[in-house]
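*Asks:* Here is a sequence with its predicted model. Questions after.
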Amino acid sequence: MSNNISFPGGAWPVMLTPFTADNKVDYEGLKALTNWYIDNGCSGLFSDCQSSEMFFLSKEERINIAKTVIKTAGDKVPVIVSGHISDSIEDQIDELQAIAALNPSALIFITNRFAKENESNEIWRKNCETVMNALPEDLPLGLYECPYPYKRLIDEDNLKWIASTGRFYFLKDTCCDLDLLKKRAQIVKGSNLKIYNANTSTLLDSLKAGCHGFCGVMASFQMSLYAYLCDHIDDKQSEKVQNLLTITSLIERQYYPVNAKYYLKVFENLPITTVTRTKDDSGLTETFKTEVKALKDLTDDYIRTLGI
């Protein structure tokens, strides 16, 4: 096992999946999106996640999306990948082994895949260990507390076990609880495991408490500001940036991911459509579009002020 592996802090976007007008994966659009994240300061990329609409992608699509992102990113930034969506552990192993063959920087486990909502933490650990042991020992692993189809937060005992294995390097934390984030940061301190907060409102305080970075939805709107905040937690402007990001993050609730694709298409000039498989893009109202423009204007003002 490689003990010198490390993952940078900073901002890691959860990647969108561009689709063509006839609802096929748009691989040229995906390449353009990958480069946009990189050009705007991301520290790494998370492919085949919930924002990628992984539960609505075929196994072949998930593999090809990961392959495209890994190839496009090259050695510019690390790429972590998930994509196991099946119910049975055997099928999940098959899915993850196929992704592992692409040699991602890390393979990310979805926490709710290892036990049903009413099943115990012991069952969860047994299944996690089974999957872990079916994968190459030198492949870095991570975890994502995905909220769909249900959110399963890692309990304290299992977090300690995960950190003790030495195989896990990345936790996309969705607890949205600053006290718990602080506690978790202390639990994993000194281990390979690093915590990446998905929640904007607790971000700055969590970084000061020992969390390693940001991994969330809003990097598809404000990539450079999230990168700035993660790299300048003690800067005199950091509180103002945090306040802006907290308020503007509410747009996540306004018809995401369609609104994010609209933002990237209209305001960042990416060659993508607003088509998604989770929402009808015709539901993006003029009011929603006005909100996206307001976010863009505010973001640009802050970027000019900070000199980014």
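*Replies:* Received the coordinates, thanks.

*Asks:* Packing partners of the helix or strand where Ile63 lies?
*Replies:* Using DSSP states H and E, Ile63 falls within helix 59-73. Secondary-structure packing of helix 59-73 (3 or more C-beta pairs under 8 Å, 6 or more residues apart in numbering; DSSP states H and E): helix 27-39, strand 45-47, strand 79-81, helix 89-100. Every residue, glycine included, has its C-beta placed from N, CA and C.

*Asks:* what's the last one packed up against?
*Replies:* Other elements packing on helix 89-100 under the criterion 3+ C-beta pairs under 8 Å, 6+ apart are helix 59-73, strand 106-110, helix 121-133.

*Asks:* so which of the ones you listed gets nearest Ile247?
*Replies:* Closest to Ile247 of the helices and strands packed on helix 89-100 is strand 106-110 (C-beta to C-beta; 29.3 Å).

*Asks:* re earlier: will you turn the helices and strands packed on helix 59-73 into a markdown table that also has distance to Thr248 and mean pLDDT?
*Replies:* A markdown table is the format used below for those (distance: least, C-beta to C-beta, whole Å; pLDDT from 0 to 100):
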| stretch | distance to Thr248 | mean pLDDT |
| --- | --- | --- |
| helix 27-39 | 18 | 98 |
| strand 45-47 | 21 | 98 |
| strand 79-81 | 25 | 98 |
| helix 89-100 | 33 | 98 |
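
*Asks:* Helices of this protein, start to end?
*Replies:* With DSSP state H, the ranges of helices along the chain come out as 27-39, 59-73, 89-100, 121-133, 156-165, 178-188, 203-208, 219-231, 238-248, 258-266, 286-306.

*Asks:* any idea which of those is most buried?
*Replies:* Highest mean neighbour count among the helices of the chain (mean count of other C-beta atoms under 10 Å): helix 219-231, with a mean of 24.

*Asks:* in this protein, what spans have low per-residue confidence?
*Replies:* Counting by pLDDT under 70, the chain shows low-confidence ranges at 1-4.

*Asks:* returning to what we had before: quick check: which of the helices and strands packed on helix 59-73 is nearest to Phe55?
*Replies:* Taking C-beta to C-beta, helix 89-100 is the member of the helices and strands packed on helix 59-73 nearest to Phe55, at 12.1 Å.
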